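K.L.:
only geometry, no sequence info:
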């Protein structure tokens, strides 16, 4: 095994909010730590409102990480709590249910360190091998969303010191990553194709609907608060996807599943109070497969 380089100061601070993530926190941290040099990253795990052994598993998986706790079960509060404890820039924000290697994070930081961008996002890979046919069909079409062309901030993004200064504090919003993305123009943010991170897809369609409903609620919440955006959304985004599917006949059988699922999510958002209930966090536990220590 090659000897790891030791860094006198961290290259970046990584903040990982974790609410009852005992099933996946070890997987996240071990994947990250495996290829990292000694003291290369300052890793801060914020256990917020946990009622399980997330903190213990985090300590076991990455003894070098700073594991801190808050009684408040709120992701945005956890992000701010972690920010207050962090000492290095750039800042990387990573969801506990994702996996990314140290080398991919180095690629993510590259445009920021070169002064080419204030914010950076990588390329999300959806692992849907264990998912149902309907979930896999949905994601085959969803991958054509124009939103992804500029890099998906969902779950992993990095900010320079100047970018973080523009952010200030995370507001109490459902879609924190989308909020951050809208703070920067296309020229100010980088899509880093060489940075790949993995998200596990829900196992069942019902679980997929939960997280899509939360995503829609978060987007509409930002729209009501008049946060800016410079990409196509809503109907224009759907038309863009339809044009892309039109030239890919192999995806034609998947399109009705994608459209029906999207319409059902919108229908539920309009006909239930959950759209307006900011205390509710729709979460998919099916993709959080228990990992033994």
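P.N.:
Good, I have the coordinates. The model shown is predicted, which means the values in this text are computed figures rather than measured ones.

K.L.:
Look up the closest residue to the residue nearest the centre of the chain, ignoring the ones flanking it.
P.N.:
Nearest to the mean C-alpha position of the chain, by CA atoms, centre = their mean, lies residue 155 at 0.9 Å. Closest residue in space to residue 155, ignoring its immediate chain neighbours: residue 95 at 3.9 Å, by CB to CB, 6 or more residues apart in numbering. Where you see a C-beta, it was placed from the backbone N, CA and C, and this is true even at glycine.

K.L.:
same question, residue 264
P.N.:
Among residues not flanking residue 264 along the chain, residue 209 sits closest, at 6.6 Å (CB to CB, 6+ apart).

K.L.:
Okay, and the one you found sits in which element?
P.N.:
If you go by DSSP states H and E, residue 209 is part of helix 205-224.

K.L.:
what number of residues lie near the residue nearest to residue 155?
P.N.:
By the criterion of other CB atoms under 10 Å, residue 95 has 19 neighbours.

K.L.:
what comes up buried for the helix or strand bottoming out on mean pLDDT in the chain?
P.N.:
Least confident helix or strand of the chain, by mean pLDDT, DSSP states H and E, is helix 234-246 with a mean of 81. Neighbour-count burial for helix 234-246 flags 240, 241, 245 (criterion: 16 or more other CB atoms under 10 Å).

K.L.:
going on from that helix, what's the next piece of helix or strand?
P.N.:
Moving toward the C-terminus from helix 234-246, the next element (DSSP H and E) is helix 255-271.

K.L.:
Using the three-state scheme, assign residue 191.
P.N.:
strand (DSSP: H, G, I helix; E, B strand; the rest coil).

K.L.:
Please look at residue 59 and residue 67 and confirm they touch.
P.N.:
Yes - using CB atoms under 8 Å, residue 59 makes contact with residue 67 at a distance of 5.6 Å.

K.L.:
hang on, the earlier thing: quick check: phi and psi on the residue nearest to the centre of the chain?
P.N.:
Backbone geometry at residue 155, expressed as degrees, to the nearest 10, gives phi 90, psi -20.

K.L.:
residue contacts, it?
P.N.:
Residue 155 makes contacts with 94, 95, 97, 98, 124, 177, 197, 199, as judged by CB atoms under 8 Å, 6 or more residues apart in numbering.

K.L.:
Setting aside sequence neighbours, what's the nearest residue to residue 265?
P.N.:
Using CB to CB, 6+ apart, the closest residue to residue 265 is residue 212 (4.6 Å).

K.L.:
ok, now residue 35?
P.N.:
Counting by CB to CB, 6+ apart, residue 102 is the residue found nearest to residue 35 once chain neighbours are left out, at 4.0 Å.

K.L.:
Show me what the helix or strand harbouring residue 138 is packed against.
P.N.:
In this assignment (DSSP H and E), residue 138 forms part of helix 133-142. Here helix 133-142 touches helix 205-224, helix 255-271, going by 3 or more CB pairs under 8 Å, 6 or more residues apart in numbering; DSSP states H and E.

K.L.:
Need those helices in CSV (columns: distance to residue 15, mean pLDDT and mean neighbour count).
P.N.:
Shown next, in CSV, are these (distance: least, CB to CB, whole Å; pLDDT from 0 to 100; neighbours: other CB atoms under 10 Å):
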stretch, distance to residue 15, mean pLDDT, mean neighbour count
helix 205-224, 19, 86, 18
helix 255-271, 29, 90, 15
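
K.L.:
In a markdown table, list these along with distance to residue 111.
P.N.:
As requested, these are arranged in a markdown table below (distance: least, CB to CB, whole Å):
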| stretch | distance to residue 111 |
| --- | --- |
| helix 205-224 | 25 |
| helix 255-271 | 32 |
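
K.L.:
Which one, of those helices, ends up nearest to residue 28?
P.N.:
Across the helices and strands packed on helix 133-142, the minimum distance to residue 28, taken as CB to CB, is reached by helix 205-224, at 17.7 Å.
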